[in-house]
Each structure stands twice: as C-alpha cells, then as structure tokens.
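Q: Predicted model, plus sequence, below.
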Amino acid sequence: MREIRKVVVLGANGTMGAGSAEVFAAGGCEVMLLARDAAKAQAGLESAQGMAKSATIGSLMKVGSYDADLEKSVAEADLIFEALAEDLAIKKEFFGRVTKVRQPDSIVATVSSGLSITDMAAVGDASFAKHFLGIHLFNPPNVIVGTEVIPHAGTDPKLVEPIVDMLEKRFGRVVTVCRDLPAFAGNRVGFKVLNEVAQLAEEHGVAFMDYVVGPYTGRAMPPLSTVDLVGLDVHKAIVDNVYENTKDEAHDKFALPAYVNKLIAAGHLGNKTAAKGGFYRRAKEDGKNVRYVLDPKSGEYTRETPVAPVPFIEETCKLHRVGRYREAMKIFVEAKGREADLARKVIFGYVSYALNRVGDGEVVREPRDVDRIMGFGFNWAPPTVLADVIGIKETIAQIEKCGLEVPAVLAKAPAGQPLFREANVNIGRFFSA
C-alpha cells in the first residue's frame with residue numbers, strides 16, 4: 001500500500017467530515033477539505049481545530065470547493081475519504097468524478113455507516129474497485145476511537161491488513177473488520193437495541209425506558225437520549241436499511257414505530273432541532289434549564305419529573321460505583337418485577353443478537369470483533385463482558401428464559417475461561433456511567 005501523506009475529505013463541512021479531517025491531520029497528513037464552496041470547507045476546518053483544541057493543526061489543512069479543486073486535489077491524493085450525506089445517489093455521483101482523476105494506486109474510502117460498499121465500488125473502473133473500501137469512523141471520531149473497515153469482494157485483500165495496521169498505529173483507532181452487510185456490525189447491533197427500546201417506550205414511556213435500560217446496564221448514555229444525540233432521521237435511515245435488506249431472528253425489532261415516523265415528519269429530529277426536540281426537548285424557563293419528555297401516545301411533551309426509584313436499579317448502581325460488578329449484575333439477574341423483566345429482555349437480547357452476528361457468513365468472524373466495536377464505538381459493555389460478569393451458564397439460562405437464540409459462542413465456551421480478552425482494558429470503563 002502506498003504511503004498515506006495527502007488526504008482529500010469530501011463533505012468537509014459536516015460533523016463527520018470535519019472530525020475525520022482532524023483525525024488525519026493529527027496523524028501527520030496534509031488534508032484538503034472540500035465542500036460545495038470554500039466558505040463551507042473553511043467552517044469544517046475551524047470545526048476540526050475546535051475538536052483538536054488547537055489552531056496549529058490548521059497548518060496541515062487547506063480548503064476548496066468541488067467545482068474548483070476536486071480534480072486537482074484528488075489527482076494528488078494518496079487517500080480520498082468520502083464523508084458526504086448518507087445518500088447512495090450522491091455518493092455515486094462523486095465517486096464517478098473521483099474515478100476519472102485519481103492515481104491508480106490511491107485508496108478511496110467511504111465513511112458510510114451501512115450502505116452497500118459493493119454498490120459504491122461498482123461506479124468506478126477495475127482499479128477504483130480494487131482500492132475501494134469502507135472506513136466507518138464513529139461520531140465524533142476525535143473522541144470515539146472505534147472504527148469499522150469494510151472491504152467488498154473486489155477489494156485487493158493485500159490492502160486490508162496494512163490499512164488496519166495504519167489506522168491502529170498511526171491514527172489511534174480500535175478497528176473491527178466487517179463483512180459488507182447492511183449497517184455492518186456496530187450499527188446492526190446497536191440500533192437493534194435502540195429501536196427495541198423505542199418500541200417499548202410506546203407502552204411504558206420514554207423516561208421510564210431510559211431509566212430501566214440506563215447506564216447501569218453498561219452503556220455511556222440512556223438509549224433514547226442516544227437516539228436524540230444521533231438524530232431521529234439518522235436512526236430511521238439505519239433501521240429502515242436493516243429492516244428492508246435483512247431478515248434475521250430479530251427482524252421485527254428493526255420496524256420503526258409509527259410515532260417516531262410522525263415525529264420525523266413534523267421535524268422533531270432530536271438535539272439537532274433544539275426547539276422541537278425528539279424524545280426529549282430542552283428549554284430555559286426563569287433562567288433555568290428544564291427538560292420536557294415526549295408522550296408517544298399523544299405526541300405531546302410534558303415537563304420531565306424524576307422516575308420513581310426502583311430498588312434493584314439503585315442498588316446495582318451503588319455496587320458499580322465501587323467496582324463490585326459481579327455482585328451488581330447478580331442483583332440485576334435475580335431482581336423481581338416488570339422493570340427487571342423489561343431490562344433483562346433488552347440486555348440479554350443484546351448479548352444474544354450481538355454474538356449471533358459472529359461466524360461464517362455473518363457480519364464478523366470472531367467474538368472479539370463485535371466486542372471491540374460495541375466497546376469502543378458505542379461505549380457499551382461488550383457482550384462477552386456481560387457474559388463474563390454474569391457467568392456463562394447464567395447468561396445462557398437467561399437468554400433461554402427470554403425465548404432467545406443461544407449463540408454458539410456461549411454454548412461452546414470453555415469452562416473457567418473469560419471470553420473477553422482485550423489486553424489492557426479494565427472492564428470498569430464500561431460501567432463508569
């Protein structure tokens with residue numbers, strides 16, 4: 001693989017474009033940021049400087065527009081990194097321009113979070129296809145190091161290992177190699193959980209579900225707050241893609257609830273539409289910040305009040321705070337009541353679904369692959385961490401009790417050996433929230 005010294009970022013004015021520019025510049029690359037016009041690209045540069053908390057990093061960046069600068073900058077680039085809108089037609093249009101002027105051995109990568117790499121590769125000539133693959137950074141990439149590398153059948157296999165090596169050693173990424181299947185690994189697993197919680201919220205309430213499947217279960221943020229952060233429109237694009245193009249054991253969990261479709265149609269996209277909100281809406285009243293929560297049944301927002309504390313959740317949180325994770329999760333497993341039943345349904349559903357995406361013909365090859373992207377892409381406790389802390393036999397029993405499919409990874413797990421084997425990682429980081 002050629003040495004990567006010059007990088008062109010297409011879509012530099014978006015959050016992901018600016019973030020990826022910061023990552024590449026921080027790794028010592030000269031970065032050309034391109035957008036519809038130079039002013040938008042300059043805004044991306046300034047955003048990248050803000051992410052790096054350094055104006056100096058801007059010395060490695062230049063800005064330009066597609067019309068004036070794409071052909072020349074792409075012709076000089078070692079890596080062309082596409083971070084445009086998640087729209088296949090737009091991406092194909094730009095790749096058609098790139099294939100005409102790129103150097104024969106330059107790498108072309110898309111940051112797509114789940115569109116077909118094969119379909120995009122088909123736009124170019126044989127050299128383009130051979131040097132094309134997905135490099136899915138997670139947002140914001142200057143903070144979240146989890147990264148998916150997605151080759152397609154025509155990607156030169158000799159490129160994959162050096163690209164992974166480069167991303168890990170030069171750019172500080174934690175990399176998972178995925179097959180070219182809808183939503184890849186992280187979003188396939190993560191958004192199944194997020195959408196399942198959105199479905200349950202229609203009956204049980206938004207704030208209630210965020211509390212019941214909150215950080216104590218091993219995640220950085222509550223699920224529906226996470227969807228607000230990501231954007232309801234992005235959430236819809238991901239789950240619709242999986243629902244339409246796959247049919248696995250959790251197919252129904254990817255069906256977007258009708259009330260979420262109504263929210264999106266009315267412009268309620270989450271944090272990006274602050275005045276309208278999403279699952280939550282923030283406001284300032286009498287000089288104080290207050291939060292309103294959606295009622296999925298009526299579509300109205302009411303001022304949020306604290307959810308009534310649930311003893312097993314509070315006790316689990318206390319034990320996590322002092323590092324007693326096994327005791328904490330034992331309480332979680334043994335708790336009685338509807339809150340415990342709902343939480344276990346979601347969490348053991350996560351473990352089952354994630355580890356069933358491992359194996360021949362599946363999204364990833366090894367349990368470590370799904371562990372890495374969930375742990376360092378989503379900042380969730382990896383499935384094998386939960387299985388280890390709860391116990392393999394008990395995890396299998398709980399999966400069966402929930403009527404879910406027991407993954408072969410668990411069924412064949414050797415007795416007495418931990419499944420999570422990521423070196424130099426303290427599992428407490430996944431329960432710190």
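A: Looks like it came in fine.
Q: CA atoms for contacts and neighbours, from now on please.
A: Will do.
Q: Could you measure from the residue of the chain positioned farthest from its centre over to Thr384?
A: Distance to the chain centre peaks in the chain at Asp286, reaching 36.7 Å (criterion: CA atoms, centre = their mean). Going from Asp286 to Thr384 by CA to CA, to the nearest Å gives 47 Å.
Q: how would you label the residue lying closest to Glu400 once chain neighbours are set aside: helix, strand or coil?
A: Excluding the flanking residues, the one nearest Glu400 by CA to CA, 6 or more residues apart in numbering is Val406, at 6.8 Å. When classified by DSSP: H, G, I helix; E, B strand; the rest coil, Val406 comes out as coil.
Q: Pretty sure Val406 sits against Glu394.
A: No: counting by CA atoms under 8 Å, Val406 does not reach Glu394; the two are 11.7 Å apart.
Q: okay, the two: which has more neighbours?
A: Shown here are Val406 and Glu394; by other CA atoms under 10 Å, Val406 has more neighbours (21 against 15).
Q: wait, what's in contact with that one?
A: Contact analysis of Val406 by CA atoms under 8 Å, 6 or more residues apart in numbering lists 352, 356, 396, 399-400.
Q: ok, now with 10 Å
A: Val406 makes contacts with 348-349, 351-353, 355-356, 395-400, as judged by CA atoms under 10 Å, 6 or more residues apart in numbering.
Q: with the residues you listed in mind, which one is nearest to Ala413?
A: Among the contacts of Val406, Ile396 lies closest to Ala413 (CA to CA), at 10.7 Å.
Q: separation between that closest one and Ala381?
A: From Ile396 over to Ala381 (counting by CA to CA), the distance is 17 Å.
Q: hmm, back to that, adding pLDDT, distance to Val74 and neighbour count, write the contacts of Val406 out as CSV.
A: Shown next, in CSV, are the contacts of Val406 (pLDDT from 0 to 100; distance: CA to CA, whole Å; neighbours: other CA atoms under 10 Å):
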residue, pLDDT, distance to Val74, neighbour count
Phe348, 98, 47, 23
Gly349, 98, 45, 23
Val351, 98, 43, 25
Ser352, 98, 44, 23
Tyr353, 98, 41, 24
Leu355, 98, 40, 26
Asn356, 98, 40, 23
Thr395, 98, 51, 22
Ile396, 98, 52, 22
Ala397, 98, 55, 13
Gln398, 98, 53, 20
Ile399, 98, 50, 22
Glu400, 98, 53, 14
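Q: Which ones among those residues lie within helices?
A: The helices, defined by DSSP state H, take in 348-349, 351-353, 355, 395-400 from these.
Q: Which neighbours do Val406 and Glu394 have in common?
A: Listed as contacting both Val406 and Glu394 by CA under 10 Å, 6+ apart are Glu400.
Q: Please, which helix or strand holds Lys100?
A: If you go by DSSP states H and E, Lys100 is part of helix 88-101.
Q: State the mean pLDDT of that helix.
A: The pLDDT scores in helix 88-101 average 96.
Q: List the buried residues in it.
A: Neighbour-count burial for helix 88-101, counted by 16 or more other CA atoms under 10 Å, picks out 91-92, 94-96, 98-99.
Q: The residue nearest to Gly377 when sequence neighbours are not counted and Gly114, how far apart?
A: Excluding the flanking residues, the one nearest Gly377 by CA to CA, 6+ apart is Gly146, at 4.0 Å. The spacing between Gly146 and Gly114, counted by CA to CA, is 15 Å.
Q: Name the residues of stretch 156-171 that are buried.
A: Buried residues in stretch 156-171, counted by 16+ other CA under 10 Å: 159-160, 163-164, 166-168, 171.
Q: just to revisit the earlier point, per-residue confidence at the residue nearest to Glu400?
A: At Val406, pLDDT is 98.
Q: Distance check, it against Asp341.
A: Distance from Val406 to Asp341, counting by CA to CA: 18 Å.
Q: same thing with Thr217?
A: For Thr217, the distance to Asp341 - CA to CA - is 13 Å.
Q: overlap in contacts of those two?
A: If you check Thr217 and Asp341 against CA under 10 Å, 6+ apart, the residues they both contact are Phe332.
Q: before we move on, the earlier item: quick one: contacts for the residue nearest to Gly377?
A: Applying CA under 10 Å, 6+ apart to Gly146 gives the contacts 136-139, 168, 172-176, 186, 372-379.
Q: what about Ser112, helix or strand, and which?
A: Element membership of Ser112 [criterion: DSSP H and E] is none; it lies in no helix or strand.
Q: got it, and Arg291?
A: Assessed by DSSP H and E, Arg291 sits inside strand 288-294.
Q: Of all the residues in that strand, which ones are buried?
A: Within strand 288-294, the residues scored as buried using 16+ other CA under 10 Å are 291-294.
Q: OK, contacts around the closest residue to Lys236 other than its chain neighbours?
A: Of all residues not flanking Lys236 in the chain, Leu256 sits nearest, at 6.8 Å (CA to CA, 6+ apart). Residues near Leu256 by CA under 10 Å, 6+ apart: 195-196, 198-199, 235-237, 239-240, 243.
Q: So Leu256: helix, strand or coil?
A: Put simply, Leu256 is coil when judged by three-state DSSP.
Q: go on, Thr147?
A: At Thr147 the chain is in strand, as set by three-state DSSP.
Q: Tell me where this protein has strands.
A: 6-10, 30-35, 61-65, 79-82, 107-110, 132-137, 146-151, 174-177, 280-285, 288-294, 301-303 (DSSP state E).
Q: And this protein, what are its domain boundaries?
A: The chain breaks down into these domains under automatic domain parsing: 6-177, 186-430.
Q: How far does the first one sit from its chain's centre?
A: The one in question is domain 6-177. In terms of CA atoms, centre = their mean, to the nearest Å, the centre of domain 6-177 is found 17 Å from the chain centre.
Q: before we move on, what about the longest one?
A: Per CA atoms, centre = their mean, the displacement of domain 186-430 from the mean C-alpha position of its chain is 13 Å.
Q: Now do the end-to-end distance for it.
A: Span of domain 186-430 from end to end, CA to CA: 16 Å.
Q: Stretch 117-136 now?
A: So stretch 117-136: terminal residues 11 Å apart, CA to CA.
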